[in-house]
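1. sequence and computational prediction follow.
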Amino acid sequence: MKRAVILFCSIILTLSLTILSSGCASDTSKGQPAPADQPASAGGTSQSRQSTQAVETAQAGTTDAAAQTVETAQAGQTVAAESNADAADTAGQVATASEPSEEDNGLWTSTEMPVKLIYGCVNETFLEAETEDPAIIGNAIDAIKALEIGEANNMETLDAADDLRFIFEDGSEVRLMFEGDNWITDDHERYHVEGLSRLHSVLYVLFEE
């Protein structure tokens, strides 16, 4: 009888322990999330962050590229404007340099245009001619302005001389005299000059008429 009671108690104790163990396992599984879901959730979050970073990087790259394009265009416009300005300055310098820039030698000081030129020269013989042609008178004045005045000297030339008298409308006149390659001042001083051949080429036309 005692053995039967002990066996019965043992069976009851075993069943109780089995039921208790099953209940604890069930409660433990209900209180904890499935391990398989955790990695999936972490992977989704990581991918979302990477996508956001990729979008932000692409937007930043687009903004930088647009800014660089605008800066490049503005720089190009600035360079083009400076180039145009330089080109304009250069064109002005070329135009100025191409114009006659004869220095004033002091031989011609009148600002009025003569109405007549009387020219006399000695070249073995004495010749004289006059003209009222504004073109010839103007060319003669330009040739006089282009003469280069050198140093003073005492050389006299008796067989080659030029006498020019420019008559103005009011009757006044400007007179210039040359002996050989010298200009004779009102004080009878002599200065060597260069460029008389150009003046002669203008004046000798008067003897061909």
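-> Received it, and whenever you're ready, just let me know what you need. Numbering: from 1, shown residues only.

2. can we go C-alpha only for contacts and neighbour counts from here?
-> OK.

3. and this protein, split by domain according to the record?
-> The chain breaks down into these domains under automatic domain parsing: 72-101, 116-208.

4. so which of those domains gets nearest Trp108?
-> domain 116-208 (6.3 Å; C-alpha to C-alpha).

5. ends of the closest one, what's the gap?
-> In domain 116-208, first residue to last residue: 18 Å (C-alpha to C-alpha, to the nearest Å).

6. still on that earlier bit, okay, the domains of the chain, which one's buried deepest?
-> domain 116-208 (a mean of 16; mean count of other C-alpha atoms under 10 Å).

7. dump the domains of the chain to a markdown table, plus distance to Ser110 and mean pLDDT.
-> A markdown table is the format used below for the domains of the chain (distance: least, C-alpha to C-alpha, whole Å; pLDDT from 0 to 100):
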| stretch | distance to Ser110 | mean pLDDT |
| --- | --- | --- |
| domain 72-101 | 18 | 44 |
| domain 116-208 | 8 | 94 |
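
8. tabulate those (TSV), appending distance to Ile12.
-> Below are the domains of the chain laid out as TSV (distance: least, C-alpha to C-alpha, whole Å):
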stretch	distance to Ile12
domain 72-101	92
domain 116-208	144
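
9. can you list contacts of stretch 187-203?
-> 119, 136, 139-140, 143-144, 146-155, 181-184 (C-alpha atoms under 8 Å, 6 or more residues apart in numbering).

10. quick one: Thr111 is in a strand?
-> No: secondary structure assignment (DSSP: H, G, I helix; E, B strand; the rest coil) places Thr111 in coil, not in a strand.

11. where does it land on pLDDT?
-> Thr111 carries a pLDDT score of 90 in this model.

12. now swap in Gly23 and tell me
-> 55.

13. can you give me the strands for the protein?
-> Counting by DSSP state E, the chain has strands at residues 116-123, 125-131, 148-153, 160-167, 173-179, 182-184, 190-194.
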